[in-house]
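Asks: What follows is a predicted structure for the sequence shown.
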Amino acid sequence: MATDAVSGLVVSEVFGPTLQGEGPSAGRRAGFVRLGRCNLACTWCDTAFTWDWSRYDPSVELRRAGVAEVVAEVQAMDVPMVVITGGEPLLQQSGVAELAAALAPRRIEVETAGTIAPRPELVPLVHQWNVSPKLANSGNRRDRRYRPDALRAFEATGRAVFKFVAAQPADLDEAAAIVAECGLTDVWVMPEGTSAEVLHARMAALADAVVARGWSLTPRLHVELWGDKRGV
Ligand code: SF4
């Protein structure tokens, strides 16, 4: 898939104020800018409305917006932090860089699957990269979901955390192989699931193995609070 089209951004939704639900910033007040399109197709994707045109209509789900328009929507939220997510935001690096610069001095976090390396001009504008490399449980072909050079580029920023979605402790072996091969240092595991009951059960099953590997475990706070409702 080509990266970066014409100027502006392909936007799925802008929402907030709400709370960052995952990773080291879980619980922080934030606004979200969700961008459209993705270069992967995870079977358990909870934002398939950004890319799966066999189930959703792109003319309904996406809009092209100027950066100034998105900035105005974020300004109305009065938030200290903005999470730029997707879809895959790295498909639109020029627009993301323009947006991140315009949102200063807010804290900027970018969520990505880590298959596309960040361009040098974008790196200093992002305070934290939440990189979520996809495992075999995502259903994507390995050569599409795993790009070691891109993961090493995120690690080299010194501001990346790597969050693996796991359904069971056996998934951690595959994550460990990626961590070792790419030299990843700040590793998190997040349970897969879209209900509080499933998440609690999987976190309990994963916790000891995550601690034993020297990693961290993150909840999915937004699912616990609001289920799989969109735009919160
Ligand atoms: S990379 Fe993210 S947005 Fe893309 S299909 Fe997978 S979970 Fe969904």
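Replies: Sure, I can see it.
Asks: measure P105 to I178 for me?
Replies: 34 Å (CB to CB, to the nearest Å). (Each C-beta comes from the backbone N, C-alpha and C, glycine too.)
Asks: Looking at these two, which is more packed in?
Replies: I178 (19 against 6; other CB atoms under 10 Å).
Asks: next one: the helix or strand the more buried one falls within to chain centre, how far?
Replies: Assessed by DSSP states H and E, I178 sits inside helix 171-182. Distance of helix 171-182 from the chain centroid (CA atoms, centre = their mean, to the nearest Å) equals 19 Å.
Asks: can the helix or strand following that helix be found next to the ligand?
Replies: The helix or strand immediately downstream of helix 171-182 is strand 187-191, counting by DSSP H and E. No: counting by CB under 6 Å from any ligand atom, the ligand has no neighbours in strand 187-191; the shortest distance is 11.3 Å.
Asks: what does stretch 8-26 give?
Replies: No: Stretch 8-26 lies out of reach of the ligand by CB under 6 Å from any ligand atom, never closer than 9.8 Å.
Asks: Go through that stretch and flag the buried ones.
Replies: Within stretch 8-26, the residues scored as buried using 16 or more other CB atoms under 10 Å are 8-14, 16, 18-23, 25.
Asks: out of these, who's nearest Q93?
Replies: Distance to Q93 across these (CB to CB) is lowest for L9, with 10.9 Å.
Asks: name the helices or strands packed onto the top strand by length along the chain?
Replies: Scanning the chain for the strand with the most residues, using DSSP state E, yields strand 9-19. Applying 3 or more CB pairs under 8 Å, 6 or more residues apart in numbering; DSSP states H and E, one finds that strand 9-19 makes contact with strand 29-35, strand 63-65, helix 67-75, helix 93-102, helix 221-226.
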